[in-house]
Structure formats: C-alpha cells, structure tokens
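[1] structure for the following, please:
(2 chains)
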Amino acid sequence: DAGITQSPRHKVTETGTPVTLRCHQTENHRYMYWYRQDPGHGLRLIHYSYGVKDTDKGEVSDGYSVSRSKTEDFLLTLESATSSQTSVYFCAISNGGYSNQPQHFGDGTRLSIL
Amino acid sequence: TQLLEQSPQFLSIQEGENLTVYCNSSSVFSSLQWYRQEPGEGPVLLVTVVTGGEVKKLKRLTFQFGDARKDSSLHITAAQPGDTGLYLCAGVETSGSRLTFGEGTQLTVNP
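    All right, here's what the predicted structure looks like:
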C-alpha cells in the first residue's frame, strides 16, 4: 500500500470554526490532491499541488485553502466551516500528472459540521 | 468539465452470477481508470485502459474501452462476496488537465 496517512480520521465540529485536515505521504511523490466524496456526486477535486508551494484550484475550491510547505505534507483548511462541507475527504498522491500516473488514495477523513 | 455517467447506481446479485457495469460519456477521454472502494477506505486502482477498443482482464474482471474512447464497461464473471464494493470509473480529459470521476456503482454480492 502507498504510504499515505490522513489525520484526523473522524472529526465533528461546529459551523463557523476553522478546520485543518492533514495528508502525509512517505512516497516522495510530486503530486498531491484533495477530493471530497458525497452521495450522488462521486469524487470531486478541491485543490491539488504539483510541488512544494505550488498549488492550484480544482472544481469545488470555494471555502477551502491548501498549503504544501514540505513534499510529504499537504494541508486542507476550511477557514469557517459550513454544514455544506460535511463530507468524506480523501487525499491522493501520484508521481506524475493525470495522464501519466495513477493516483493512490488515503483512507479518508469523515468530517461532520453541525 | 467532461461528465461520466455510471449505471447501474446500485446492483445486488447472488454469488455466481455475472454482471456488467457501464461508464458513459458524450466526450472523448484520453484514458479511463477503474477503481474499487471498500467501506472506510480510499479507492484502489484496478486498471487503466488507454486505446480505443482495448480489453484488459484481471482474473474474473474484464474491462473494455469503447472504440471512440467515450465509454467503458466492467464485466465480472461468477461474482463472489469478496467483489462487493463501490466501483468507480474515472476519465482523463483529453487536455490532460483533469481526472473526472463517475458517481460509482455500489455492488453487493450475496452468498
């Protein structure tokens, strides 16, 4: 299994609070991604990174920010959580862009915003 | 964004039966990936198909990429309870800039 650790695995918090999810990899892969998975929508890309301090938006980036200060860590922050951000969040890594290399996923973080 | 539609959304069958899951789009993809996801875990890549008309086999699973690279199918022969899971298709857009996921097919194989 690819060395990807997501933390926390579960979190319950209140609307308006900041939340940070962490993805840690031990594979030294260049690309890292954050997805959310919701019923009826499949997996949707939030943000991705193609190197240290190099990030870009995905299709559902509003309300989320990311940071990558080290190759191995990719952080996803919800500045002020809303109930619509209740979801399961997955981190993925790959050693190349979409068309070159498959993605390997972590086991997810289940986030509930009350 | 290029869309991918999977069907059926849910499928419940008995052990030993055959089944086919479909992944369709009106757009062309440069390649298509199939993933399987179990509860509490992330998706795991099963196969990537790249060439129109390509067929790949993985034990009892057969994957096919449509000739026009707009659709794909997953056929499982003699399904077993261990095949239970969420099957996701994902297409790499021709621009190479995005991976689009279908909504998934939840398969349950009853013993």
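
[2] and chain B, which residues reach chain A?
    Residues of chain B lying near chain A by Cβ under 8 Å from any Cβ of the partner chain: B:1, B:30-31, B:33, B:40-45, B:48, B:88, B:90, B:92-93, B:96-99, B:101-104. Any C-beta I mention is one placed from the backbone N, CA and C, and that applies to glycine too.

[3] could you flag which of the residues you listed are buried?
    Buried members of the residues of chain B next to chain A, counted by 16 or more other Cβ atoms under 10 Å in any protein chain shown: B:31, B:33, B:41-44, B:48, B:88, B:90, B:92-93, B:98-99, B:101-104.

[4] in helices, which of those residues fall?
    Among those, no member is found in helices (DSSP state H).

[5] strands paired with the helix or strand where A:L75 lies, and their directions?
    Take DSSP states H and E as the rule and A:L75 turns out to sit in strand A:73-78. Paired neighbours of strand A:73-78 in the sheet (DSSP bridges): strand A:19-25 (antiparallel), strand A:64-70 (antiparallel).

[6] pick the most buried one from these.
    Mean neighbours per residue, mean count of other Cβ atoms under 10 Å in any protein chain shown, is largest over the strands paired with strand A:73-78 for strand A:19-25, with a mean of 19.

[7] so after it, what's the next helix or strand?
    Downstream of strand A:19-25, the next assigned helix or strand under DSSP H and E is strand A:31-38.

[8] sorry, back to before: run through who's touching the strand holding A:L75.
    A:18-25, A:32, A:34, A:46-47, A:49, A:63-68, A:85, A:89, A:91 (Cβ atoms under 8 Å, 6 or more residues apart in numbering or on different chains).

[9] chain center to that strand, what's the gap?
    How far strand A:73-78 lies from its chain's middle: 6 Å, per Cα atoms, centre = their mean, to the nearest Å.

[10] quick one, that strand and strand A:31-38 angle?
    Strand A:73-78 and strand A:31-38 meet at an angle of 40 degrees, taking axes from the mean of the first three to the mean of the last three Cα atoms, to 10 degrees as the criterion.

[11] buried stuff in strand A:73-78?
    By 16+ other Cβ under 10 Å, the buried positions in strand A:73-78 come out as A:F74, A:L75, A:L76, A:L78.

[12] let me have those in CSV, extended by distance to B:I13 and pLDDT.
    Converted to CSV, the buried residues of strand A:73-78 look like this (distance: Cβ to Cβ, whole Å; pLDDT from 0 to 100):
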residue, distance to B:I13, pLDDT
A:F74, 39, 98
A:L75, 42, 98
A:L76, 37, 98
A:L78, 39, 97
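
[13] let's have those residues in a markdown table, adding distance to B:K70.
    Below are the buried residues of strand A:73-78 laid out as a markdown table (distance: Cβ to Cβ, whole Å):
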| residue | distance to B:K70 |
| --- | --- |
| A:F74 | 33 |
| A:L75 | 37 |
| A:L76 | 33 |
| A:L78 | 36 |
